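Enquirer: need a 3D model of the sequence below.
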Amino acid sequence: MPQHTFRLENLPYRPCVGVMVLNREGLAFIGRRINGPEHVDEHHVWQMPQGGVDAEEDVWQAALRELYEETNIRSVEKLGEIAEWLPYDLPADLIGAAWGGRYRGQTQKWYAVRFTGKDSEIDIVHPAGGHDPEFIEWRWEPIANLPKLIIPFKRLVYQRVVEEFARFAPPVG
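Expert: Presented below is the predicted three-dimensional model:
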């Protein structure tokens, strides 16, 4: 029986958006993921809201949609965006488990927003639009801590996001 092989470099990246939600104190929203192929250990389970961009969807609108679908957050003001898309590759052993093996990783367009609502607006248990919850808990976190909380193969992207958006989050303390 022939063995099917693929070349990682021939697989495309999945287009995705990410949102750094900053509160008035300059802390970032992070959620503890429930599960999924990227859930590789108990320490690196935190991430900012993110998700796929639908075909023909405006990228900024995709960011607002994903944020709402994961957190119910609507009260935001756009602070900035990273001009280019930031890619990451999945580890080889996760490629078949994530997104049906169709992608080598994601390329992400990142936005920073200021949360202008009250914490009571955030509802990860009953996400908007009848979506299944993606997070089991959430908290506000200093942005400098974010790269060490994300799964290692996304760390370089998170480091870049923190560097780019640090101007919107003055040091806390």
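
Enquirer: not counting its neighbours along the chain, what's nearest the most centrally placed residue in the chain?
Expert: A centroid search over the chain (CA atoms, centre = their mean) returns Gln50, at 3.1 Å, as the residue closest to the centre. Nearest-residue entry for Gln50: Gly18, 4.0 Å, with adjacent residues in sequence omitted and distances by CB to CB, 6 or more residues apart in numbering. In this view, the C-beta of every residue, glycine as well, is placed from N, C-alpha and C.

Enquirer: just Glu134 next, same as before
Expert: For Glu134, the nearest residue in space outside its immediate sequence neighbours is Glu70; the separation is 5.3 Å by CB to CB, 6+ apart.

Enquirer: which elements pack onto whichever helix or strand that neighbour is part of?
Expert: Counting by DSSP states H and E, the element that carries Glu70 is helix 59-71. In this structure, helix 59-71 makes packing contacts with strand 13-22, strand 28-33, strand 50-52, strand 76-81, strand 105-115, strand 135-141, judged by 3 or more CB pairs under 8 Å, 6 or more residues apart in numbering; DSSP states H and E.

Enquirer: which SS class is Tyr103?
Expert: Counting by DSSP: H, G, I helix; E, B strand; the rest coil, the backbone at Tyr103 sits in coil.
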